[in-house]
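Peer 1: what's the 3D shape of this:
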Amino acid sequence: MLLKIEIDVEDAIEMLDSVAAVLTSDGFADAAGGFAADRIIQRTLSGKDINDNSFEAYSAAYARKKGGIVNLSASGEMLGSIDFQSGSSTETTITCDSDIAGYHEDGTSDMPQRQFMGLSDKDIGDMMEEIFTGPLTELVG
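Peer 2: Predicted coordinates for the structure are as follows:
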């Protein structure tokens, strides 16, 4: 007696095609850029640098004038200039077009370094979970 089963791999092929579409999608680079720009802005507004440490306090004189949390949002111009541009399906550039941003990022003789541009390893892991792993898990079950 011959026992026989047939295996239809069409579903597996369709699933792999869907995964390939996600990996090569222009939307993937846009999603990464959007996540990164938003993460930088939200983290900075919470008063944290790229390593999730609190920004160094304002000088006493500036604190009397500014007060509150150090979140680099005095005028809104600097954080409002953060944007991203996707150059291809695999590249996204995050920019901050503000003259004062470099002073905060690098520090000066009068201002401590308050590094805000960039992503930590945790940020990158969160980004991968949000834009890749989570949707992929939903896709394949």
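
Peer 1: Quick check: which ranges of this structure have low pLDDT?
Peer 2: For the chain, the stretches with pLDDT under 70 are 19, 21-26, 139-141.

Peer 1: Would you mind finding the longest helix in this protein?
Peer 2: Determined from DSSP state H, the single longest helix within the chain is helix 26-45.

Peer 1: Give the next helix or strand downstream of that helix.
Peer 2: helix 60-66 (DSSP states H and E).

Peer 1: which helices and strands does the next helix-or-strand element following that following helix pack with?
Peer 2: For helix 60-66, the succeeding helix or strand toward the C-terminus, using DSSP H and E, is helix 77-80. Counting by 3 or more C-beta pairs under 8 Å, 6 or more residues apart in numbering; DSSP states H and E, the packing neighbours recorded for helix 77-80 are helix 26-45. (C-beta placed from N, C-alpha, C; glycine too.)

Peer 1: again, only this time at 10 Å
Peer 2: helix 26-45, strand 92-96, helix 101-106 (3 or more C-beta pairs under 10 Å, 6 or more residues apart in numbering; DSSP states H and E).

Peer 1: mind putting these in CSV, distance to Arg114 and mean neighbour count included?
Peer 2: Output for the helices and strands packed on helix 77-80, formatted as CSV (distance: least, C-beta to C-beta, whole Å; neighbours: other C-beta atoms under 10 Å):
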stretch, distance to Arg114, mean neighbour count
helix 26-45, 9, 18
strand 92-96, 13, 17
helix 101-106, 5, 16
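
Peer 1: residues contacting the most centrally placed residue in the chain?
Peer 2: For the chain, the residue nearest the mean C-alpha position is Ala36 (1.8 Å; C-alpha atoms, centre = their mean). For Ala36, the contacting residues are Ile82, Phe84, Thr92, Thr93, Ile94, Met117, Gly118, Leu119, Asp123, Ile124, Met127, by C-beta atoms under 10 Å, 6 or more residues apart in numbering.
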